[in-house]
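Chemist: next come a sequence and a model predicted from it.
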Amino acid sequence: MTAPGVARPPAARLPLVPRPFRVLATRPETADTTTLTIEPADGIPLSFAAGQFTMLGTFGGAEAPISVTSSPVARPLQQTIRDMGGVTHDLTTVAPGDVLTVRGPFGTGWNITDGAGGDLVFVAGGIGLAPLRSALLEALANRAAYRRVVLLYGARTPGEQVFRDDLARWAQGDGGIELDVTVDRADRGWTGPVGLVTNLIPRARFDPANALALVCGPEVMMRFVAAALIDAGVPAGRIRISLERNMKCGIGLCGHCQLRELFICTDGPVLPYNRVADLMTVREL
Amino acid sequence: MKMRSIAEYLSCHPFFADLDAAAVGELAGCAVNEHIRAGEYLFREGRPAEHFYIVTRGRIALELFSPATGPHVLDSAGEGEILDWPWLIPPHRWFFDGRAVEPTSVVSLDAACLRGKCEADPRLGYELAMRAAQTMSERLQATRARLLDMYATP
């Protein structure tokens, strides 16, 4: 089943067979987050939709679901990983030349073309900017199809922002992105807003009735952001969020990522907010 | 911004939206423009809250100084945002420092003048109190959410 409003991209051809990918470069984003640039060892590019994820692993090790960070319309492939435990620690400590395993891509994408002719509003929290960056780059590659492209980004501290090179460019108006960034905690070196990312929504310039809003971050943040977007006039069905659960098989068989009737690995990770709003406040789901 | 344009500014500001023009004109009579340089303080912790500010340009950081760890920026108000509610609620005292992080302009409404108009016109007073309560509620919810330190874990 695919949630209404979010079309499913083509499935991986052999979804349970890992492909070898070679690490071309590693770039530390923050103290615990690293972006890997990887290329397929067999030379066949990985086609994906912005918002999809792969199961990324080390040979002989386990896998973790990792969103694709790079543009779906450009090479090379980039994935951003936060060191949260054994598997992700192994993935964030690889070196150029190492070979990783990749399965996928899996799941639903952001489908930003549904917002063509209107405004795109991206709201990201913390490392949630990673899967949104892929859609942002897709939008920039076809910038004329959209009116305003707004990025509202909240981070814990200035030093914990990811993709700071991109943010610096976008802050200068590169690509026609209207960027506003806030942090939860700051010292005097930070001259921007301090506060919750929801504070940025009322002052952002976009047409709520003709906007497609894409939200990614911690679930509590996404609930607050969705409420603020609805207060601003964005229809709930025009808000998409990316959910994270314990993906394992990636093809809706094992049930690890089940959210009541949904398998997040196949029905998600990108879902319309009005499809999952009630589920997000049910405990034990 | 001259007297007339302060009234125009206030009438377009969400905090004063839908108040009748005469009331806004009365409130504008309590207001002047202020400009401060980056690094200067608009108000200081513990001092009487003698003004209600609306930031028209720049940014004011709300800071708390700790002798052990220095200044902490707890919140901020940028263009169009208001500072704060001590003008309305006793003990009418600032609980934080307000420091300009860049050249900043504010509309500064005299607190005693505002309170006098609220007492003289209870309907206006109720309206302003409700709007201040709305702002306080929004800030409280945002502050509670930040207490989660939600970006520390996915």
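Modeler: That came through fine. Residues are numbered from 1 along each chain as shown, chains lettered A, B, ... in the order given.

Chemist: just the pLDDT at B:Lys2, thanks.
Modeler: As predicted, B:Lys2 sits at a pLDDT of 50.

Chemist: which secondary element of chain A has the worst mean pLDDT?
Modeler: One helix or strand of chain A scores below all others by mean pLDDT, DSSP states H and E: strand A:258-259, with a mean of 88.

Chemist: could you please name the strands it pairs with and the direction of each pair?
Modeler: Strand A:258-259 has its sheet partners listed here by DSSP bridges as strand A:262-263 (antiparallel).

Chemist: for chain B, which residues are neighbours of chain A?
Modeler: Proximity of chain B to chain A, by C-beta under 8 Å from any C-beta of the partner chain, involves residues B:14, B:59, B:61-63, B:70-76, B:78-81, B:101-102, B:141-143, B:145-146, B:148-154. For every residue, glycine as well, the C-beta is placed using N, CA and C.

Chemist: just the buried residues of those.
Modeler: Buried residues within the residues of chain B next to chain A, counting neighbours by 16 or more other C-beta atoms under 10 Å in any protein chain shown: B:59, B:61-63, B:72-76, B:78, B:81, B:101-102, B:142, B:145-146, B:150-151.

Chemist: sitting in strands, which of the residues you listed do you find?
Modeler: Taking DSSP state E, the ones among those that sit in strands are B:Ala61, B:Leu62, B:Glu63, B:His72, B:Val73, B:Leu74, B:Asp75, B:Ser76.

Chemist: list the contacts of the residue nearest the centre of chain A.
Modeler: Centroid-nearest residue in chain A: A:Pro131, 1.8 Å away (criterion: C-alpha atoms, centre = their mean). Neighbour list for A:Pro131: A:Ala50, A:Gly51, A:Phe53, A:Ser67, A:Val68, A:Thr69, A:Trp110, A:Cys216, A:Ser242, A:Pro269 [criterion: C-beta atoms under 8 Å, 6 or more residues apart in numbering or on different chains].

Chemist: do A:Pro45 as well
Modeler: By C-beta under 8 Å, 6+ apart, the contact set of A:Pro45 is A:Arg75, A:Leu77.

Chemist: my guess is A:Asp207 contacts A:Val150. True?
Modeler: No: taking contacts as C-beta atoms under 8 Å, A:Asp207 lies outside contact range of A:Val150: 10.4 Å.

Chemist: ok, those two, which is more surrounded?
Modeler: Counted by other C-beta atoms under 10 Å in any protein chain shown, A:Asp207 and A:Val150 do not tie: A:Val150 has more neighbours, with 21 against 13.

Chemist: check which helix or strand covers that one.
Modeler: Counting by DSSP states H and E, the element that carries A:Val150 is strand A:149-155.

Chemist: is chain B contacted by that strand?
Modeler: Yes: Strand A:149-155 is in contact with chain B by C-beta under 8 Å from any C-beta, via A:Gly154, A:Ala155.

Chemist: which strands and helices lie in contact with that strand?
Modeler: strand A:119-125, helix A:129-141, strand A:177-183 (3 or more C-beta pairs under 8 Å, 6 or more residues apart in numbering or on different chains; DSSP states H and E).

Chemist: do that again at 10 Å, thanks
Modeler: Applying 3 or more C-beta pairs under 10 Å, 6 or more residues apart in numbering or on different chains; DSSP states H and E, we find strand A:149-155 packed against strand A:119-125, helix A:129-141, helix A:164-171, strand A:177-183, strand A:211-216, helix A:219-232.

Chemist: just want the angle from that strand to helix A:164-171.
Modeler: Using axes from the mean of the first three to the mean of the last three C-alpha atoms, to 10 degrees, the inter-axis angle of strand A:149-155 relative to helix A:164-171 is 140 degrees.

Chemist: what average pLDDT does strand A:149-155 get?
Modeler: The average pLDDT for strand A:149-155 rounds to 97.

Chemist: one more: stretch A:33-51?
Modeler: On average, stretch A:33-51 scores 94.

Chemist: all helices for chain B, in order.
Modeler: With helices called from DSSP state H, chain B shows them at B:3-12, B:21-28, B:111-120, B:122-147.

Chemist: just to revisit the earlier point, and the helices and strands packed on strand A:149-155: which comes nearest A:Thr198?
Modeler: Nearest to A:Thr198, of all the helices and strands packed on strand A:149-155, is helix A:219-232, at 4.2 Å by C-beta to C-beta.

Chemist: what is the end-to-end distance of stretch A:61-74?
Modeler: 29 Å (C-alpha to C-alpha, to the nearest Å).

Chemist: what comes up buried for that stretch?
Modeler: A:Glu63, A:Ala64, A:Pro65, A:Ile66, A:Ser67, A:Val68, A:Thr69, A:Ser70, A:Ser71, A:Pro72.

Chemist: distance check, the fifth one against chain B.
Modeler: Summarising the geometry, the distance separating A:Ser67 from chain B, computed by C-beta to the nearest C-beta, to the nearest Å, is 11 Å.

Chemist: quick one: pLDDT of the nearest residue to that residue once chain neighbours are set aside?
Modeler: Leaving aside its sequence neighbours, A:Ser67 sits nearest to A:Pro131 (C-beta to C-beta, 6 or more residues apart in numbering or on different chains; 3.7 Å). The model reports A:Pro131 with a pLDDT of 95.

Chemist: where does the prediction get shaky in the chain?
Modeler: Looking at chain A here, since you left the chain open. Residue ranges of chain A with pLDDT under 70: A:1-12.

Chemist: chain B is the one I meant
Modeler: If you take pLDDT under 70 as the line, chain B has these spans: B:1-4, B:153-154.

Chemist: change it to 50
Modeler: B:3 (pLDDT under 50).

Chemist: what comes into contact with the least confident helix or strand of chain A?
Modeler: Strand A:258-259 is contacted by residues A:243, A:245-246, A:252, A:264-265, A:267-268, A:271, A:276, A:279-280, A:282, A:285 when judged by C-beta atoms under 10 Å, 6 or more residues apart in numbering or on different chains.

Chemist: let's see it at 7 Å
Modeler: Strand A:258-259 is contacted by residues A:Leu243, A:Arg245, A:Leu279, A:Leu285 when judged by C-beta atoms under 7 Å, 6 or more residues apart in numbering or on different chains.

Chemist: now the buried members of those residues.
Modeler: Judged by 16+ other C-beta under 10 Å, buried ones among these: A:Leu243, A:Arg245.

Chemist: need the contacts of strand A:258-259 in a markdown table with distance to A:Pro235 and secondary structure, can you?
Modeler: Below are these laid out as a markdown table (distance: C-beta to C-beta, whole Å; DSSP: H, G, I helix; E, B strand; the rest coil):
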| residue | distance to A:Pro235 | secondary structure |
| --- | --- | --- |
| A:Leu243 | 20 | coil |
| A:Arg245 | 26 | coil |
| A:Leu279 | 19 | helix |
| A:Leu285 | 25 | coil |
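
Chemist: beta partners of the closest residue to A:Asp42 other than its chain neighbours?
Modeler: Nearest residue to A:Asp42 in three dimensions, chain neighbours excluded: A:Arg19, at 6.5 Å (C-beta to C-beta, 6+ apart). Beta-bridge partners recorded for A:Arg19 (DSSP bridges): A:Val102.
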